[in-house]
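**Student:** How does the following fold in three dimensions:
(one chain, ligands or ions: 1)
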Amino acid sequence: MPTIELESMTVAYSVEERPRRRYPAIRVDGQRCVTVLVPTGYSALAIPTLLLQHKRWLLGQLARPGVPLKGFQTGEIFTYLGLPVSLWLTAQASRAAVHLTDDRRLAVQVTSGCGDDQARMVRAALTGWFCDRAQDVLPPRVAHYSQALKAYPNELKIREYKSRWGFCRTDGLIALNWRLIQAPLAVIDYVVVHELIHRTYPHHQPTFWAAVKRARPSMDSEREWLKTHGQELFW
Ligand SMILES: [Zn+2]
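**Tutor:** Presented below is the predicted three-dimensional model:
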């Protein structure tokens, strides 16, 4: 991983190519990992200059308290469709299993193991459960808005993406991040509409945003929600 010296601080960063971007962007996530998103063909030699130009902002971001990493212990709060659910580790079983109780507890049966081992297992079990919910909930939203907007994906993928909520490829593939299932339904719908509008406007120019706004007049508050709470959905 490349590094750069910023006022006696060594900052490591990764670089990811984003063909649809016109300009590079710097992203700092809740764990203070720095990622530089660059358009295709952007010179790697220009990246240190870019980071230096944004030194003040970057150091500010790195000094901000990060999102605490989850410990995957009983009582910890996660969200499902924007509502809190509290983690509840129950007696050990031969196989990890997860279910949501009527009183909004996310019950996880854990297999034997302790400390980091157990946390890893709980995390894996929760990831599986949230992924399954995403597979249940997201496709009907895409189907609904495809009809409404007369814009259809050729293929829908629901996967894990490190720094994206979704994307739409020019071949018609629409991909959504399963982590969205933790967000309120209105936010999920905004991302779905955003990606479907890319079927007509494969860019982020003003005509694209005007079309999203027409289809989704509440988009500003949904984008704001992602900006404020998005990092909490990564654990
Ligand atoms: Zn987009």
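
**Student:** give the contact list for Gln135.
**Tutor:** Each residue near Gln135 by Cβ atoms under 8 Å, 6 or more residues apart in numbering is listed here: 158, 178. Where you see a C-beta, it was placed from the backbone N, CA and C, and this is true even at glycine.

**Student:** could you redo the last one with a cut-off of 10 Å?
**Tutor:** 158, 178, 181 (Cβ atoms under 10 Å, 6 or more residues apart in numbering).

**Student:** care to break the chain down by domain?
**Tutor:** Using automatic domain parsing, the domain ranges for the chain come out as 3-63, 77-134, 136-233.

**Student:** can you give me the mean pLDDT across the shortest one?
**Tutor:** Here the mean pLDDT over domain 77-134 is 87, rounded to a whole number.

**Student:** if I pick the closest residue to His198 other than its chain neighbours, what's in contact with it?
**Tutor:** Of all residues beyond its chain neighbours, the one nearest His198 is Cys168 (3.6 Å), with distances taken as Cβ to Cβ, 6 or more residues apart in numbering. Cys168 sits next to 20, 151, 153, 174-176, 194-202 when contact means Cβ under 10 Å, 6+ apart.

**Student:** Quick one, grab the pLDDT at Cys168.
**Tutor:** 95.

**Student:** any low-confidence regions in this structure?
**Tutor:** Screening the chain residue by residue with the criterion pLDDT under 70, one finds the ranges 66-68, 92-94, 112-116.

**Student:** Would you map the helices across it?
**Tutor:** With DSSP state H as the criterion, the chain has helices at 47-53, 55-63, 116-149, 185-197, 206-215, 219-229.

**Student:** Tell me how far the second one lies from the chain's centre.
**Tutor:** The gap between the average C-alpha position of helix 55-63 and the chain average comes to 22 Å, counting by Cα atoms, centre = their mean, to the nearest Å.

**Student:** wait, Asn154 sits on Ala175?
**Tutor:** No. When contacts are counted by Cβ atoms under 10 Å, Asn154 is not listed as touching Ala175 (11.8 Å).

**Student:** higher neighbour count, those two?
**Tutor:** Just comparing Asn154 and Ala175: by other Cβ atoms under 10 Å the higher neighbour count belongs to Ala175, 18 against 10.

**Student:** Could you pull up the contacting residues of that one?
**Tutor:** 153, 155-159, 161, 164-169, 195.
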